[in-house]
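[1] below is the structure, and that's it, no one-letter string:
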């Protein structure tokens, strides 16, 4: 099953103490494990998004919650269930487009 994770800041970016390197290392591990298909900012650069492959919603939530930014409390996320045909060729994503799904 595929899940779209929409990451949003809960605190101003200048307060974030987790480094981008920590986040990118986590992302690399997720990609290598085959859990994340796509990751990046939305086209309007307002949200971070990634598409996760997980066996259950609970597993997808655990993966998303383990993102260092989220685990440290600087971000929260919304999770949307997707069908395979929605994932293939999806994007570019914008904040407004994601909210309309």
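    Structure received. A quick note: this is a predicted structure, and the numbers were derived from the prediction, not measured.
[2] what is the least confident helix or strand in this protein?
    Least confident helix or strand, the chain: helix 84-87 with a mean of 54, by mean pLDDT, DSSP states H and E.
[3] give the buried residues for the lengthiest helix in the chain.
    In the chain, taking DSSP state H as the definition, the longest helix is helix 20-32. The neighbour-count check on helix 20-32 (16 or more other CB atoms under 10 Å) flags 23, 26, 27, 30 as buried. Heads up, the C-betas are built off the backbone N, CA and C, glycines and all.
[4] so how far is residue 11 from residue 38?
    Distance from residue 38 to residue 11, counting by CB to CB, to the nearest Å: 25 Å.
[5] quick one: low-confidence parts of this protein?
    Scanning the chain for pLDDT under 70 picks out 43-45, 83-101.
[6] could I get the full set of helices for it?
    Secondary structure of the chain (DSSP H): helices at 20-32, 57-65, 68-71, 84-87, 95-99.
[7] which one of the ones you listed lies nearest to residue 3?
    Smallest distance to residue 3 across those (CB to CB): 4.0 Å, for helix 57-65.
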